[in-house]
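> Predicted coordinates and the sequence they were generated for:
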Amino acid sequence: MSKRPRVEIVYCTQCRWLLRAGWMAQELLITFPTELGEVALVPGASGIFEVSVDNVLVWSRKAAGRFPELKELKQLVRAVVVPNKSLGHSDS
């Protein structure tokens, strides 16, 4: 079996974004229960909120100027992990 992808969510501890990061991690694990190998929460600082899949950045709050909507984050992760997977209502 090939190695399953690792998602990393780096969040700002000073901004108290752990709950948001944890919620997004939980939702990704529910959406991709067999496709992901791990979702890691990584403490950071200075307003950081970044999501990467196998060290490929898929979302940066700084670059986008906002947090991702859960629907768009699922779509971004899917594009890297399993492009043909249906996300049901998150695709509409």
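Great, that's in hand. Residues are numbered from 1 along each chain as shown.

> Name the spans of this protein whose pLDDT lies under the cut-off.
Scanning the chain for pLDDT under 70 picks out 1.

> residue boundaries of the helices in it?
18-31, 61-64, 70-81 (DSSP state H).

> Give me the phi and psi angles of the residue nearest to residue 54 when sequence neighbours are not counted.
Spatial nearest neighbour of residue 54, excluding adjacent residues (CB to CB, 6 or more residues apart in numbering): residue 5 at 5.1 Å. No exception for glycine: its C-beta is placed from N, CA and C like everyone else's. For residue 5, the backbone dihedrals (degrees, to the nearest 10) come out as phi -60, psi 150.

> dump the residue contacts of residue 5.
Neighbour list for residue 5: 35, 36, 37, 53, 54, 80, 81 [criterion: CB atoms under 8 Å, 6 or more residues apart in numbering].

> ok, now residue 54?
Counting by CB under 8 Å, 6+ apart, residue 54 touches 5, 6, 80.

> try residue 82
32, 35.

> switch to 10 Å and redo it
By CB atoms under 10 Å, 6 or more residues apart in numbering, residue 82 lies in contact with 5, 32, 34, 35, 36.

> For burial, what's the neighbour tally of the last one?
Think residue 36. 19 (other CB atoms under 10 Å).

> Residue 64 versus that one, what's the distance?
22 Å (CB to CB, to the nearest Å).

> returning to that earlier point: mind putting the contacts of residue 54 in JSON lines, distance to residue 70 included?
Output for these, formatted as JSON lines (distance: CB to CB, whole Å):
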{"residue": "5", "distance to residue 70": "18"}
{"residue": "6", "distance to residue 70": "20"}
{"residue": "80", "distance to residue 70": "16"}
